[in-house]
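Asker: model the structure of this input:
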Amino acid sequence: MRKTISIAIVILLIITLLPACSSDTPSAAEETAAAEPSTADSTYVKPLDLFGGELNPFSDIEFPESYTPYKVDVNMNADFVFYELSLLTEDPEVVSFTAALLNAEEDDITALKQALQEGDLQETGMYGDTLEFEIEVKPVEADSDYYTDAVGYTVTLSTQLNEDMLVPYRQILKQNINSGAFQSMGADELIDQFDLAGNGSIIVVTGSVNYVNIGFNYELGEDFDKWSDYFLSDTYLGQDTVIYWGEENVFSFNYGELVTRVTLIPESNRVSFYQEVEGTDVNISDYVPPLSLIMVGFDKMCNYSSEDGNIYVGIRKEVFGDIDKGDGNNYIQYSDNGNGYDCFLVRYCRTEGKYYVQIQKNDLKAEYYYYAFEDKYTDMDGVEDISELKEQMQTIMNTDADMVMVHPINTFEQYIIDTFGVNSDALYDLPLG
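Answerer: Numbers count the residues shown, from 1 in each chain. The predicted structure is shown next:
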């Protein structure tokens, strides 16, 4: 994740220092929004929409073609919205463009050029009669977390919008909370808090780097203990997707490629969290991670155990660094210790399409192979006459069923489908995390 963490920390610090907005007393803008459709309803579909139209206060400015927008940063306080638009340009006359935008006098251009040379061109101006803004120009090297292989300058325009824009931007912010990430961690009770009105931020970066990052700040009151108890619990800390930061009251976890970081602030009963995911075409709330072994319940060593501890499933792959010359390197192993057998084991070698079966009960034991590609059984020496093995299996399993040999394999395959939602081939092909 690039330098995402440091960026997000800054966001959270900014948000934390802003006064919280009570959900009990709606603002005038929120009361108005209850009666009228909001800007977000009519103009917002995905994060990239923050770059244009009514959601971009600078959309009326005619930038030269060489000026490419790459970042929008919106911060919501209790009473106003702070909007920031950043562009990349190779324009050697960037100071002239800046001077024209500022309606600067000819004598001021020299001072602007000097400021840029010193890396500190930062001025305020007016666009039209109502839009007061700040412009900052600096070499690309000074701000390279948001793009790669760029040359020239970054131009950043920022302005404070009035309270009327709070409602649509808060709606957009809430459209970018992924509650599924919290549900995946067993934090279902906490997602009710997402309906609270709070301060927050949203960053959209597009171009050579693409991601969406949202930050939220909630004043929880009595509900703070729910968050604190959960994120300090063994249920949370014991999960494989949790990343330990070594910071008190700071917790992070992954949901596929979506990163969520939570900061608890007990002094004010507040919680701040951010979520970030690659890409800008889809709202964070719509992100659904691709399946992985960890997501379906395996640990980082590719082992899975049922809640009662009776059933074990393990996956071994050379690509994961597993080396076991005796039994091969690429297989799924299933064992059930709770069905009355001393041993009930099936090992499926995915690349060979071969199953190894071992069934043992009391003094009876049966071992054999099934080759799925050829639809044939053999004993451990490769002999295809399995009539004695079949009789032994019927005795062990107390049945005269003709299909007794395939029963352990079917049991294994059905368990994989019922438990993980995919067949054994698909399970084997899943990435680790």
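
Asker: in the sheet, who's paired with Y331?
Answerer: Beta-bridge partners recorded for Y331 (DSSP bridges): R316.

Asker: that one reaches V346, doesn't it?
Answerer: No. Using C-beta atoms under 8 Å, Y331 makes no contact with V346, being 10.0 Å away. Heads up, the C-betas are built off the backbone N, CA and C, glycines and all.

Asker: touching, G279 and V209? I think so.
Answerer: No. Between G279 and V209 there is no contact, the gap being 10.8 Å when judged by C-beta under 8 Å.

Asker: the more surrounded of those two?
Answerer: Ranked by neighbour count (other C-beta atoms under 10 Å), G279 and V209 place V209 first, with 18 against 14.

Asker: next up, the contacts around the more buried one.
Answerer: R2, Y70, D145, Y146, Y147, T148 (C-beta atoms under 8 Å, 6 or more residues apart in numbering).

Asker: pull up the per-residue confidence for I135.
Answerer: In this model, I135 is scored at 97, pLDDT.

Asker: with I323 instead?
Answerer: Looking at I323, its pLDDT is 53.

Asker: what segments of the stretch 201-350 of the chain are helices?
Answerer: With DSSP state H, counting those that start in this stretch as the criterion, the stretch 201-350 of the chain has helices at 224-231, 234-237.

Asker: of those, which shows the lowest average pLDDT?
Answerer: Across these, the lowest-scoring stretch is helix 234-237, with a mean of 82.

Asker: if you count neighbours, what's buried in that one?
Answerer: For helix 234-237, a neighbour-count test (16 or more other C-beta atoms under 10 Å) marks Y236 as buried.

Asker: with stretch 372-383 instead?
Answerer: For stretch 372-383, using 16+ other C-beta under 10 Å, the buried residues are Y377, T378.

Asker: turn the helices of the stretch 201-350 of the chain into a markdown table, including distance to G152.
Answerer: Below are the helices of the stretch 201-350 of the chain laid out as a markdown table (distance: least, C-beta to C-beta, whole Å):
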| stretch | distance to G152 |
| --- | --- |
| helix 224-231 | 44 |
| helix 234-237 | 45 |
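
Asker: closest to L432 out of those helices?
Answerer: Relative to L432, the nearest member of the helices of the stretch 201-350 of the chain by C-beta to C-beta is helix 234-237, separated by 20.5 Å.

Asker: coming back round to it: quick one: which of the helices of the stretch 201-350 of the chain is nearest S86?
Answerer: S86 sits nearest to helix 224-231 of all the helices of the stretch 201-350 of the chain, at 33.2 Å, using C-beta to C-beta.

Asker: residues in contact with the closest one?
Answerer: With contacts defined as C-beta under 8 Å, 6+ apart, helix 224-231 is touched by 187, 189-190, 193, 220, 236, 249, 251, 262, 264, 266, 269-271.
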